[in-house]
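Colleague: sequence first, predicted coordinates after that:
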Amino acid sequence: MKTVVEVENEGLSALLGKSILLMCANYFYTGTLIGVNDTCVKIKDPQIVYDTGQWSAGSWADAQKMHVDVWYVARHAIESFGEGR
């Protein structure tokens, strides 16, 4: 049996303060990650990315700013994540 070792400041926590992309079950979200807990993440200056365009491009083809300064995304909906543009 394998032993699971939790590494501090790894995963979402390692991206705090950085621009991120959250690929979720229905939408892609981008913004600055400012909070992480057991149930959700908090992003500042949130946008929904409707069209990524070329992955090598410097900006999203269609990313629309949301109507608020911060947005919460449920962790269970996140399929993958990483640094954004």
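Modeller: Yep, that arrived.

Colleague: and the nearest residue to residue 35 once chain neighbours are set aside, how far from residue 76?
Modeller: Nearest-residue entry for residue 35: residue 42, 3.3 Å, with adjacent residues in sequence omitted and distances by C-beta to C-beta, 6 or more residues apart in numbering. The way it works is simple: take the backbone N, C-alpha and C, and place the C-beta from them, glycine included. In this structure, residue 42 and residue 76 are 15 Å apart, going by C-beta to C-beta, to the nearest Å.

Colleague: dihedrals phi and psi, the residue nearest to residue 35?
Modeller: phi -120, psi 130 (degrees, to the nearest 10).

Colleague: which stretch of helix or strand covers the residue nearest to the spatial centre of the chain?
Modeller: Central residue of the chain (C-alpha atoms, centre = their mean): residue 22, 3.1 Å from the mean position. Here residue 22, judged by DSSP states H and E, is contained in strand 19-24.

Colleague: low-confidence ranges in this protein?
Modeller: In the prediction, the chain carries residues with pLDDT under 70 at positions 4, 6.

Colleague: what about the strands in it?
Modeller: 19-24, 28-36, 40-51, 62-65, 70-74, 78-83 (DSSP state E).

Colleague: report the angle between the strand holding residue 22 and strand 28-36.
Modeller: Using axes from the mean of the first three to the mean of the last three C-alpha atoms, to 10 degrees, one finds that strand 19-24 and strand 28-36 are set 110 degrees apart in direction.

Colleague: just checking, what packs against strand 19-24?
Modeller: Under the contact criterion of 3 or more C-beta pairs under 8 Å, 6 or more residues apart in numbering; DSSP states H and E, strand 19-24 touches strand 28-36, strand 40-51, strand 78-83.

Colleague: just tell me which of the strands of the chain ends up closest to residue 13.
Modeller: Proximity to residue 13, assessed across the strands of the chain by C-beta to C-beta, is greatest for strand 28-36 (5.5 Å).

Colleague: more neighbours: which of residue 42 and residue 76?
Modeller: It is residue 42, of residue 42 and residue 76, that has more neighbours when counted by other C-beta atoms under 10 Å, with 17 against 9.
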